[in-house]
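> everything below, folded, please.
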Amino acid sequence: MAAKTIISRPIYGTLSPQPGKHHLFIADAEGALAIVDMAKMAPPGFFGGAEIVFIPGLDGKHVAALEALKPAQFHLAPSFASLLPRLKQTLGNAHMGLRLYLAGTEGLIGQAMQVALEAGIDHTSMQTEHRGSLARRMQCVHCKGITENVTTQPATCSHCGLLLLVRDHYSRRLAAFQGVCINAEDRSEIPPTEEAFP
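Predicted coordinates:
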């Protein structure tokens, strides 16, 4: 089933090997499969100049498949927050010709793009491919807290506890969808919760 088009949402493509001396891959969960698929089109020795940073999730799937590509560097991270210092340092020290490949969940792609743009990486040097869950990264417009991996409509803010309608408005600046109080007039009105973003 195709996802509903959201005008504010970035358009994701398919990873393809690009010319360059240094290739940085950042992926989570099913994003590993985008890298593995891209590797089938890559010229021999392509991963000899590549660094892969992977957030495998709880199941640890796909680690062996990425290691089999024999990248120059391979790092596992438990979360995006934990890889942030390394990513900032890598991008801060990057030379002209760096190619950045982002694959996996929308939350990972959006956050990594933010960091790359802040580091001065040109958007034309980045490729993105969405793979896996449609779970949303949501910002509560009331307390400004971010709740990760939202799959239901409505959703509860993990910071202030308000019941939020997850709007189809994606903020590229925040790399998050906006959530607004769904029962502001009468807190006793609690609509049924539905799985909306699997």
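> what helices or strands is the lengthiest strand in the chain leaning on?
Longest strand of the chain, by residue count under DSSP state E: strand 163-171. Here strand 163-171 touches strand 136-140, strand 155-156, strand 176-181, going by 3 or more CB pairs under 8 Å, 6 or more residues apart in numbering; DSSP states H and E. From N, CA and C alone the C-beta is placed, and that goes for glycine too.
> need the distance between the two termini of stretch 118-126.
By CA to CA, to the nearest Å, the extent of stretch 118-126 from end to end equals 13 Å.
> what residues of it count as buried?
Buried residues in stretch 118-126, defined by neighbour count with 16 or more other CB atoms under 10 Å: 119, 121, 125-126.
> tell me the mean pLDDT for that stretch?
Stretch 118-126 comes out with an average pLDDT of 88.
> where along the protein do the strands fall?
With DSSP E as the criterion, the chain has strands at 22-28, 50-55, 73-76, 98-104, 126-130, 136-140, 146-150, 152-153, 155-156, 163-171, 176-181, 194-195.
> helices or strands up against the third one?
Same thing as strand 73-76. When contacts are defined as 3+ CB pairs under 8 Å, 6+ apart, strand 73-76 sits against strand 50-55, helix 63-67.
> please identify the most buried of those.
Here the criterion is mean neighbour count by mean count of other CB atoms under 10 Å, and of the helices and strands packed on strand 73-76 the winner is strand 50-55, at a mean of 22.
> what pairs with it, parallel or antiparallel?
Applying DSSP bridges, strand 50-55 is found paired with strand 22-28 (parallel), strand 73-76 (parallel).
> that older thread, which stretch among the helices and strands packed on strand 163-171 comes nearest His22?
Within the helices and strands packed on strand 163-171, the stretch nearest His22 is strand 136-140; the backing value is 27.9 Å (CB to CB).
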